[in-house]
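In: Next comes the sequence, and after it the predicted model I'd like to discuss.
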Amino acid sequence: MRALSLAGHQPVVLDNLVYGHSEIVREVLDVPLINGQVGNRQMIEPLLSGQHPELVGTHFEGKPIEAVLHFAAYAYVGESVSDPAKYYRNNLGDTLTLLEALVAGEQPIPIVFSSTCATYGPPQAIPMTEDHPQAPINPYGRSKWMVEHLLRDFSRAYGLPCVIFRYFNAAGADPDGDLGEDHDPETHLIPRVLDVMSGREPYLQIFGDDYPTPDGTCIRDYIHVSDLADAHVLGLERLLRLRERQEAQREPLIYNLGNGTGYSVQEVIEAAKAVTGRGLLAHVARRREGDPAQLVASATRAREELGWRPRYPDLNTIIEHAWSWHQRRHFS
Ligand code: UDP
């Protein structure tokens, strides 16, 4: 939202607040927040046309929404295995309702969709390009992969302009220090490492050290959230330009978002030690189900077609920003 505002756009946030943080949207970002469900067609339609009751009396009143960035989803892989219905209902079913609303008017409303490298499944080649076969291995990945299919079909049939971003491992925090991740439960590696280093957790579990990688731990491609945000602005603006030139788009534009450099769990721990000057207690635990040994992106297409240039590709910088946020969030 911050990147959109800085680029001169005027975002409105729709969030059901199951995992969202209303105070961040309203107070830090100073952006209108509608509390609601993407799958509620009666609420979505007036929102898209600027007639939603909460927009009345604001400068958004009567102004149709120009484009949608669709981030809303459940994203816990383990939970998606034990409760797939929840994932298909929310990630797939609600998105179908949203897409129907986007193509209901005279002109379809462009959409930027957050997909994931989890739609690829086990890598057959590293780095992974957008043409890598997709064979997701858990319901979370499959729900995102199915939405990609919806988007492809809606694009072909109704001319829905759309960008699909496949994120690799989102990490870091806004360099200003006032925005960052806050999950409950926290499952991601970097915040967990920082939780242990700051004494919030007693030890870290390393999920497997017998993978076919140089140090035996899993390798991931960590991408700074601000770089992800930049890509969204570029993707959105590309869709708006295509629309302005009235260029019909019959296929989604698909881009990987990663740095193209992989770091192992061990390397992340070492980098975090260097950044924070602290140590940590770590135990090797069993492999986590569904974890491929390596996931590393080729993001050449986003660089070439969108002119995307990650500003914070360095792992130490990513951890430094995450650490500033972590200190501010939990200790000030
Ligand atoms: N990981 C770990 N201990 C943790 C959390 C994660 O060893 O407490 C590993 C995990 O197995 C994976 C990598 O760190 O190989 C990144 O995991 P994360 O959950 O951050 O992202 P994912 O790759 O699952 O999207």
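Out: That came in fine, so what should we check first? Numbers count the residues shown, from 1 in each chain.
In: Run through the stretch 151-300 of the chain and note the low-pLDDT ranges.
Out: Applying pLDDT under 70 to the stretch 151-300 of the chain flags no residue at all.
In: in it, what residue is nearest the ligand?
Out: Taking Cβ to the nearest ligand atom, the ligand has its nearest neighbour within the stretch 151-300 of the chain at C218, 3.0 Å off. The way it works is simple: take the backbone N, C-alpha and C, and place the C-beta from them, glycine included.
In: Validate this expectation: G8 resides in a helix.
Out: No - judged by DSSP: H, G, I helix; E, B strand; the rest coil, G8 forms no part of a helix; its state is coil.
In: The residue with the largest distance to the centre of the chain: what's it in contact with?
Out: For the chain, the residue at maximal distance from the C-alpha centroid (Cα atoms, centre = their mean) is G57, at 32.0 Å. G57 makes no contacts at all, as judged by Cβ atoms under 8 Å, 6 or more residues apart in numbering.
In: quick one on the thing from earlier: contacts only, for the residue of the stretch 151-300 of the chain closest to the ligand.
Out: By Cβ under 8 Å, 6+ apart, C218 lies in contact with 207-208, 211, 264-265, 291-294.
In: can you check I126 too?
Out: Residues near I126 by Cβ under 8 Å, 6+ apart: 262, 294, 296.
In: pretty sure N90 is in contact with Y74, am I right?
Out: Yes - assessed by Cβ atoms under 8 Å, N90 is found in contact with Y74 at 5.3 Å.
In: now the stretch 1-150 of the chain, which segments are flagged as low pLDDT?
Out: Scanning the stretch 1-150 of the chain for pLDDT under 70 picks out the ranges 25, 28-29.
In: got the residue ranges for the strands in it?
Out: Using DSSP state E, counting those that start in this stretch, the strands of the stretch 1-150 of the chain run over residues 13-15, 33-35, 68-70, 111-116.
In: out of these, deepest packed?
Out: Counting by mean count of other Cβ atoms under 10 Å, strand 111-116 has the highest mean neighbour count of those, with a mean of 23.
In: need the residues of this structure near the ligand, please.
Out: By Cβ under 6 Å from any ligand atom, the residues of the chain that approach the ligand are 169, 187-189, 192, 204-207, 218, 220, 265, 288, 291.
In: what do you get if the cut-off is 8 Å, keeping everything else the same?
Out: 77, 116-118, 169, 171, 187-190, 192-193, 204-208, 217-220, 265, 268, 285, 287-288, 291, 295 (Cβ under 8 Å from any ligand atom).
In: Selecting buried members of those residues in ChimeraX, what would you type?
Out: Selecting the buried subset of those in ChimeraX, with 16 or more other Cβ atoms under 10 Å as the burial test, is done by:
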select :77,116,117,118,169,171,189,190,192,193,204,206,207,208,217,218,219,220,265,268,295
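In: Filter the residues of the chain next to the ligand down to the ones in helices?
Out: Cross-referencing the residues of the chain next to the ligand against helices under DSSP state H gives 77, 189-190, 192-193, 265, 268.
In: can you give me the helices for the stretch 151-300 of the chain?
Out: Assigned by DSSP state H, counting those that start in this stretch, the stretch 151-300 of the chain shows helices spanning 189-197, 225-244, 265-276, 300-306.
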